[in-house]
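> just need the structure, nothing else, for what follows:
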Amino acid sequence: MNYTYKLRLLPESDGGYTVFVPALPGCITYGETIDEAIEMAKEAISLYVEDLTDRGEPIPDDSSTLEYSLNLVA
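Below is the predicted model:
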């Protein structure tokens, strides 16, 4: 099965990136570089989906989610 997930990478003040997976509440990880953060996210998502599968719960994904960034000048 193929699933699609959007990732939010938040640069940390002391270096590295925290990664959030909005479709999977509580699925958060960290990497020193963007590439490492993405690899860590893949691993975290796999474990999260495996846990949902083991519990017989539905597996959400972002395949039909639209995303838009809005800049507001105040």
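
> so where's this structure uncertain?
Along the chain, segments meeting pLDDT under 70 are nowhere present.

> out of everything not next to it in sequence, what's closest to the residue nearest in space to the middle of it?
Nearest to the geometric centre of the chain sits Val21, at 2.4 Å (C-alpha atoms, centre = their mean). Distance criterion C-beta to C-beta, 6 or more residues apart in numbering; nearest residue to Val21, sequence neighbours excluded, is Cys27 at 4.0 Å. Where C-beta positions appear, they are placed from N, C-alpha and C, glycine not excepted.

> what about the one you found, how many residues nearby?
18 (other C-beta atoms under 10 Å).

> now it: how far from Ser13?
Distance, Cys27 to Ser13, by C-beta to C-beta, to the nearest Å: 22 Å.

> about what we covered before: so the residue nearest to the centre of the chain is in contact with Ala37, correct?
No: taking contacts as C-beta atoms under 8 Å, Val21 lies outside contact range of Ala37: 11.4 Å.

> now the strands: where do they sit in this protein?
Shown for the chain, the strands assigned by DSSP state E span residues 8-11, 17-20, 28-31.

> mean neighbour count, these: which tops it?
Highest mean neighbour count of the strands of the chain: strand 17-20, a mean of 19 (counted as mean count of other C-beta atoms under 10 Å).

> in its sheet, what does it sit against?
strand 8-11 (antiparallel), strand 28-31 (antiparallel) (DSSP bridges).

> with just CA atoms, put that strand into CSV.
The C-alpha coordinates for strand 17-20 follow below in CSV (Å, rounded to 0.1, in the frame of the first residue of the first chain):
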residue,chain,number,x,y,z
TYR,A,17,15.4,20.1,12.3
THR,A,18,12.4,18.9,14.1
VAL,A,19,10.0,17.1,11.8
PHE,A,20,6.2,17.0,12.3
